[in-house]
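A.B. asks: what's the 3D shape of this:
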Amino acid sequence: MLKLESLVTFVATAEAGSISEAARRLQISKSVASERLAELENSVGTTLVHRSTRKLTLTESGTAFLNRAKRILREVSEATAEASEGQGELVGPLRISAPVSFGILHLAPALNSFLKQNPRIELSLDLDDRFVGATDGFDAIIRHGPLPESGLVVKRFAHGTRVLVASPEYLKKNGTPQSVGDLKQHRGIIYSNRGASDWRFRQCGRWIVAHPGAVMRVNNGILMREAALEGLGITLLATFIIHKLVSMKKLRVVEVGAEAEAATIFIAYPSDRRASAKIRALTAHLQTAFGTPPYWER
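C.D. replies: Numbers count the residues shown, from 1 in each chain. Predicted coordinates:
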C-alpha cells in the first residue's frame, strides 16, 4: 500500500535533487527519508531513483511516476481543503505566480491582509516576469497584459493602462514627441520580455508599432522606471508602476495621440480544475483591496 509520507518524500527528493536536501526540507533525518523511498520502491515494485555518491537521478520509471505522485498529493490536498471549506474555513496550500513589479508594489500588502483573515492557508508566492503556464504547478497565476497560452480559465479583476513616461529633464533636453512616428527619434527603455513589438498603439481603429532606438533593454518594470527617472530615455509602463511619480511630477506622461496596449490584471487557473474556494476568496479580496477602478488608475 502506498503511504502519503513516502510519496511526499519521493517528490521532495526529485525536486531537491538529493535525499539530504529533501530530508532537510521535510525536517526529517536522512535515514528516515531513505527508508521511505525504499518502502515506496518496494510498494510499486521498481527502482525509482538512481543513487550515487555524486548525484541522484530518477529512473525512467521514476520520471513517469513523479507526475502521478504530484497529482495524487495535489488531489489529497484539495480534498482536505474542500472538507474544511465545507465548514467555512480556508485551509491548506495555495501556490501563486505573479510578476515581480506588481508583486512587490501592490500584491504583497494585499496578500498580507488576506493571510491575516485566513491564517490556515499556506501561501507559496513565486515572483517571475516570464510567462508561467498552466502546467507549472501553480494553483493560479496573476499577470498583466495578454495571456498567450490556452488551457487557462482567465478572469479579469483589475483594470490597468500603460502610458509613455519620461523625466522632465529628458524631455527638456530632447524634446517631446507629438506622434507615434516621432518616437523613432527618441531613446527607448524597452521591456525585453516582449521586445520592440511591445510598443503597440491603437490609432484610428488599427494597431501600429513604434520603434524607438533602444538605450536599454531590461525585463523588470521597476528598473525601467528608475532608468526613466535618471533621464536615460522614454519608457512604456503600466500605471501601477509609475502613478505616484507622475503625481509627484518626477515623471511626465508623454501623449502621442494614440492609446497603448492595456495592462489589465488577470488571474488564471488551469481549465481542467475548477476554481477552489481559496482562489475565489483571493480574487474577491484583491478586487476589494485594489478598488474599482483600482487606486493606481484614479
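A.B. asks: Give me the neighbour count for the nearest residue to Val76 once chain neighbours are set aside.
C.D. replies: Using Cβ to Cβ, 6 or more residues apart in numbering and skipping residues adjacent in sequence, the residue nearest Val76 is Leu4, 6.5 Å away. To be clear about C-beta, it is placed using only N, CA and C from the backbone, and glycine gets the same treatment. Other residues lying near Leu4 total 11 when counted by other Cβ atoms under 10 Å.
A.B. asks: Quick check: bridge partners of Arg200?
C.D. replies: Arg200 has the following beta-bridge partners by DSSP bridges: Val209.
A.B. asks: no wait, Lys155
C.D. replies: Lys155 has these beta-bridge partners by DSSP bridges: Ile267.
A.B. asks: Count the neighbours of it for me.
C.D. replies: 16.
A.B. asks: Use 147 as the first number for this chain going forward.
C.D. replies: In the new count, where the first residue is 147, that last one comes out as Lys301.
A.B. asks: Spit out the contact partners of it.
C.D. replies: Lys301 is in contact with 412-414, 429, counting by Cβ atoms under 8 Å, 6 or more residues apart in numbering.
A.B. asks: mind running it again at 10 Å?
C.D. replies: 286, 411-415, 421, 425-426, 429, 433 (Cβ atoms under 10 Å, 6 or more residues apart in numbering).
A.B. asks: for those, which one is nearest Ile380?
C.D. replies: Distance to Ile380 across those (Cβ to Cβ) is lowest for Ile411, with 23.9 Å.
A.B. asks: Dihedrals phi and psi, the residue positioned nearest the centre of the chain?
C.D. replies: Taking Cα atoms, centre = their mean, the centroid of the chain lies closest to Ala244, which sits 2.1 Å from it. Ala244 adopts backbone torsions of phi -150, psi 160, taken as degrees, to the nearest 10.
A.B. asks: Quick one, grab the pLDDT at it.
C.D. replies: Note on Ala244: pLDDT of 93.
A.B. asks: Leaving out chain neighbours, which residue sits closest to it?
C.D. replies: Ile288 is the one closest to Ala244 (Cβ to Cβ, 6+ apart), at 4.1 Å.
A.B. asks: what about that neighbour, which helix or strand?
C.D. replies: strand 286-290 (DSSP states H and E).
A.B. asks: residues of that strand that come out buried?
C.D. replies: Burial within strand 286-290, assessed by neighbour count using 16 or more other Cβ atoms under 10 Å, is assigned to 286-290.
A.B. asks: What of stretch 195-214?
C.D. replies: 195, 202, 204, 208, 211-212.
A.B. asks: Okay, domains of this structure per the record?
C.D. replies: 150-229, 236-306+410-443, 308-406 (automatic domain parsing).
A.B. asks: Which parts of this protein are helices?
C.D. replies: All helices of the chain, identified by DSSP state H, fall at 150-162, 165-172, 176-190, 206-231, 246-248, 254-263, 314-320, 367-375, 385-393, 423-436.
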